[in-house]
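Trainee: curious how this folds, go ahead:
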Amino acid sequence: MTTPLLAPLREARFRALVTGRSLADFGNAVAPFALAFAVVDLTGSAVDLGIVVGARSIANVLLLLFGGMLADRLPRSVILQGTETAAALTQGAIAASVLCGFSSIPLLAGLGLVNGAASAISLPAAASLTPLTVPSALLTPANALVRLLSNTGRIAGAGLAGVLVAFAGSGWALAGNSLLFLGAALAYGRIRLPRGERVPGRRPLAELAEGWREFRARSWVWLVVLQFMIVNAVLSGALRVIGPLVADSTFGRTAWGLALAVQTAGSLLGGVVAAHWQPRRMLFAGVAWVLAGALPMLALGETPYLVPLLAAMFLSGVALEQFAVAWDVSLQENIPPDKLARVYSYDMLGSFIAMPVGQIAAGPVAEHAGLSATLLGGAALVVAATVPVLCSSQVRGLVRRAPVGPG
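Mentor: The predicted structure is shown next:
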């Protein structure tokens with residue numbers, strides 16, 4: 001008998017966790033949109049906008065490993081309360097500066113650095129907290145539900161941001177954003193975990209080295225991370241840079257927005273499917289699903305028509321969500337709890353570095369090789385990065401430890 005998707009909500013700690021993560025993701029969807037228009041209203045300069053947005057990204061990359069180390073040293077729920085409170089205060093300060101007329105680019109960039117630091121520290125703690133809030137038998141539906149509600153929060157946040165900025169202005173949008181982060185902090189404060197959850201800390205470099213040893217000790221971990229450094233770079237370049245260019249010359253911008261929305265809808269359905277379909281070799285199945293990530297690039301490169309593109313985007317959304325849930329469950333079941341956040345931080349660092357690299361490289365490659373050839377080459381890279389991982393004996397041999405239903 002399969003485990004119902006909503007079964008993890010019976011656990012009070014999980015309800016608090018998923019509420020906090022959903023509100024935080026909601027807020028993180030509003031924040032960059034509102035901040036961008038605050039800069040546009042202030043100076044209208046693309047350079048200034050790049051400085052403010054880039055400051056947050058730099059802090060994210062630089063402090064991500066520190067966040068993983070901290071989450072393995074201190075109670076993760078306390079870290080999340082602190083980081084969401086810091087995010088609420090920084091967003092509130094930005095809102096006050098905009099509404100009261102004293103904002104400036106250095107001030108916005110400085111507060112963006114603080115906000116990015118809070119985000120970097122919170123990410124490994126949030127990702128590694130799920131197995132501490134549910135029994136092992138509920139780990140798969142719990143991860144699926146976290147991702148389902150987080151994706152819903154991102155969609156709702158993006159929509160709300162547009163409405164708030166259009167009708168109330170960027171300052172009030174940022175003020176509302178601050179309340180969302182404060183709500184997340186309050187939700188995290190309701191997570192009660194047993195004492196003795198953490199081991200005594202050592203020197204930071206020693207802890208990072210221990211996390212690195214744990215990361216590279218299992219070939220299935222670093223093989224998948226290497227795979228996704230390529231996959232994330234390719235997909236971010238194809239869908240963020242080249243996709244809009246193809247849309248402009250074929251089916252139009254509105255249709256491209258619809259395609260992105262359809263992919264998100266596929267992700268939502270994928271979360272429901274992942275909660276109920278729990279194969280014994282879950283990681284192998286999840287990695288195999290990644291091959292479907294090449295479909296949107298094939299559709300854009302070979303047949304830039306809307307109907308095949310919508311089908312490809314929907315299927316890729318479903319497929320990539322299967323991988324995401326399988327990956328979280330595999331890490332949470334097989335990495336020691338006191339090292340899990342550090343392993344997550346090395347995984348996240350690979351993605352954070354790969355995505356801007358792919359976005360920056362996509363334009364020059366497309367100018368040299370052409371849009372269609374670049375898209376088809378990207379699809380080939382996704383396949384080339386995935387097939388060797390499927391051939392790994394550790395990936396093929398990794399089996400679920402928790403009780404699972406048939407499937």
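
Trainee: only C-alpha atoms from now on, for both contacts and neighbour counts.
Mentor: Noted.

Trainee: domain map for the protein?
Mentor: Following automatic domain parsing, one gets these domains for the chain: 8-201, 209-397.

Trainee: could you dump those into CSV with mean neighbour count added?
Mentor: Below are the domains of the chain laid out as CSV (neighbours: other Cα atoms under 10 Å):
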stretch, mean neighbour count
domain 8-201, 21
domain 209-397, 20
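
Trainee: I'd like those domains as CSV, with mean pLDDT appended.
Mentor: Output for the domains of the chain, formatted as CSV (pLDDT from 0 to 100):
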stretch, mean pLDDT
domain 8-201, 83
domain 209-397, 89
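
Trainee: what's residue 392 sitting at in phi/psi?
Mentor: Note on residue 392: its backbone torsions stand at phi -70, psi 130 [degrees, to the nearest 10].

Trainee: residues in contact with it?
Mentor: Contact analysis of residue 392 by Cα atoms under 8 Å, 6 or more residues apart in numbering lists residue 220.

Trainee: could you measure from residue 189 over to residue 33?
Mentor: Look at residue 189 and residue 33: by Cα to Cα, to the nearest Å, they are 28 Å apart.

Trainee: I meant to write residue 307 there.
Mentor: Distance of residue 307 to residue 33, computed by Cα to Cα: 29 Å.

Trainee: kindly report the same for residue 6.
Mentor: Remark: distance between residue 6 and residue 33 (Cα to Cα) = 31 Å.

Trainee: for residue 208, what are its contacts?
Mentor: Residue 208 neighbours (Cα under 8 Å, 6+ apart): 65, 66, 69, 342.

Trainee: secondary structure element for it?
Mentor: Using DSSP states H and E, the element containing residue 208 is helix 204-217.

Trainee: can you list contacts of the helix or strand that comes right after that helix?
Mentor: Next helix or strand after helix 204-217 toward the C-terminus (DSSP H and E): helix 219-237. The contact list for helix 219-237, computed with Cα under 8 Å, 6+ apart, reads 215-216, 293, 347, 350-351, 353-362, 378, 381-382, 385-386, 389, 392, 394-395.

Trainee: show me these that map onto helices.
Mentor: 215-216, 347, 350-351, 353-362, 378, 381-382, 385-386, 389, 394-395 (DSSP state H).

Trainee: so residue 90 sits right up against residue 110, yeah?
Mentor: No: the pair residue 90 / residue 110 is not scored as a contact, 9.6 Å apart, by Cα atoms under 8 Å.

Trainee: re the thing from before, CA atoms only: put the helix holding residue 208 into CSV for me.
Mentor: In CSV, the C-alpha atoms belonging to helix 204-217 read as follows (Å, rounded to 0.1, in the frame of the first residue of the first chain):
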residue,chain,number,x,y,z
PRO,A,204,36.1,25.3,11.1
LEU,A,205,38.7,24.1,8.6
ALA,A,206,38.8,20.6,10.2
GLU,A,207,35.0,20.4,10.0
LEU,A,208,35.0,21.5,6.3
ALA,A,209,37.6,18.9,5.6
GLU,A,210,35.6,16.2,7.4
GLY,A,211,32.5,17.2,5.3
TRP,A,212,34.7,17.0,2.1
ARG,A,213,35.9,13.5,3.1
GLU,A,214,32.3,12.4,3.6
PHE,A,215,31.3,14.0,0.3
ARG,A,216,34.0,12.2,-1.8
ALA,A,217,33.8,8.8,0.1
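
Trainee: good, wrapping up.
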